[in-house]
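1. This is a predicted model, with the sequence first.
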Amino acid sequence: LHSDSPPFLHKNNEDVVEEMCRNVIRDMDTYGVCVVDNFLGEERGKAVLGEVIDMHTKGVFRDGQLVSSTGRHGDLKTIRGDQIAWIDGKEKSCKNIGHLISQVDLVIMRANKMLNNGKIGQYNINGRTKAMVACYPGSGSHYVKHVDNPNRDGRCITSIYYLNLQWDVKRSGGLLRIFPEGSRGDKVADIEPIFDRLLFFWSDRRNPHEVQPAYHTRYAITLWFFDALEREEACRRYEKERKLQLSSK
Ligand SMILES: Cn1c(O)c(C(=O)NCC(=O)O)c(=O)c2ccccc21
Ligand SMILES: [Mn+2]
């Protein structure tokens, strides 16, 4: 669990953040999904991308799980799936990733405070995971349809920042497709993983989603935010299970 207090706000972007938070709250309440484009701006976005590429070059990423996939000609092949690395943003070689994290914290904690006396969507957000930096190597690697938090582990909002310059889904694939719960087959949310795009969505069963096969290297940074009560209950359940296992040994 890693909860940062948002950094000191510069006067001039106070109303920018305020406006952004109102949009996030409105979209999350209406669709359960919210897209914020040009979140950091080109310069800072490219600085974050630079750090992620350095990590990739240095081999920081754990090798992704091997997944089998049928090639375009129906041949069964095993490809390396997504590769991930966990960053808390305080590492000296991740200053810009750290700045991204603090900016996302700022928006979420402000939104958390703004409406319903300190709740966003009836949640009270009091912390988050570290940042998961993900790289899809681009050999057709994908991520099967799943729910991030199907069993109340405490995570209420998924936040993904995309880093892919000039990404063209027609050429490179890698589309994020969300199947909002209760929507008939035709209603899906297709999110292109384009550079400097920030995405929020409810982490629970309301938003099953998949990453379609990527044919070029695809980078993203994910943060999961915790709801205080759900997280506390999950930790208590986990503690109980651990004790049970220990006593049954
Ligand atoms: C690599 N990667 C993921 O990409 C997604 C995911 O849903 N990604 C959506 C996206 O990148 O658009 C995940 O949810 C995920 C969960 C656990 C471990 C790795 C994971
Ligand atoms: Mn996911």
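-> Received the coordinates, thanks. Ligands and ions are numbered 1, 2, ... in the order given.

2. Contacts for stretch 20-35 next, please.
-> Under the contact criterion Cβ atoms under 8 Å, 6 or more residues apart in numbering, stretch 20-35 has outside partners 36, 107, 110-111, 114-115, 120-121, 157, 178, 180, 189, 191, 197-202, 206-207. Yep, even glycine has a C-beta here, placed from its N, CA and C like the rest.

3. Which of those residues fall in strands?
-> 36, 157, 178, 189, 191, 197, 198, 199, 200, 201, 202 (DSSP state E).

4. ok, which residues in the chain are in contact with ligand 1?
-> 82, 84, 134, 143, 148, 160, 176, 193, 209, 211, 220 (Cβ under 6 Å from any ligand atom).

5. can you point me to the longest strand in this protein?
-> Under DSSP E, the chain gives strand 218-227 as its longest strand.

6. Direction included, what does it pair against?
-> Applying DSSP bridges, strand 218-227 is found paired with strand 125-128 (antiparallel), strand 131-136 (antiparallel), strand 155-162 (antiparallel).

7. quick check: mean pLDDT across the longest one?
-> Going back to what we said before, that points to strand 155-162. Average pLDDT, strand 155-162: 98.

8. Going along the chain, name the strands of the chain.
-> 33-36, 66-70, 76-80, 83-87, 125-128, 131-136, 141-146, 155-162, 176-178, 189-191, 197-202, 209-214, 218-227.

9. List just the nearest of the ones in strands among the contacts of stretch 20-35 to residue 215.
-> Nearest to residue 215 among these: residue 191, at 17.4 Å, using Cβ to Cβ.

10. I'd like to know how many residues surround that closest one.
-> A count of nearby residues for residue 191, using other Cβ atoms under 10 Å, gives 20.

11. Could you verify my assumption that it touches residue 169?
-> No: counting by Cβ atoms under 8 Å, residue 169 is not a contact partner of residue 191; they are 9.7 Å apart.

12. quick one: low-confidence ranges for the protein?
-> Within the chain, the ranges that satisfy pLDDT under 70 run 1-12, 64, 67, 69, 71, 78-80, 115-120, 183-186.

13. Quickly list what the closest residue to residue 199 other than its chain neighbours is bridged to.
-> Once flanking residues are discounted, residue 199 sits nearest to residue 160: 4.6 Å by Cβ to Cβ, 6 or more residues apart in numbering. Per DSSP bridges, the residues bridged to residue 160 are residue 199, residue 222.

14. Show the contacting residues for residue 160.
-> So residue 160 contacts 176, 198, 199, 220, 221, 222 (Cβ under 8 Å, 6+ apart).

15. buried ones in stretch 137-152?
-> Across stretch 137-152, burial judged by 16 or more other Cβ atoms under 10 Å covers 137, 138, 140, 141, 142, 143, 147, 148, 149.

16. Same list, those residues, but as TSV with distance to residue 43 please.
-> Formatted as TSV, those follow (distance: Cβ to Cβ, whole Å):
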residue	distance to residue 43
137	27
138	26
140	33
141	29
142	31
143	30
147	36
148	31
149	34
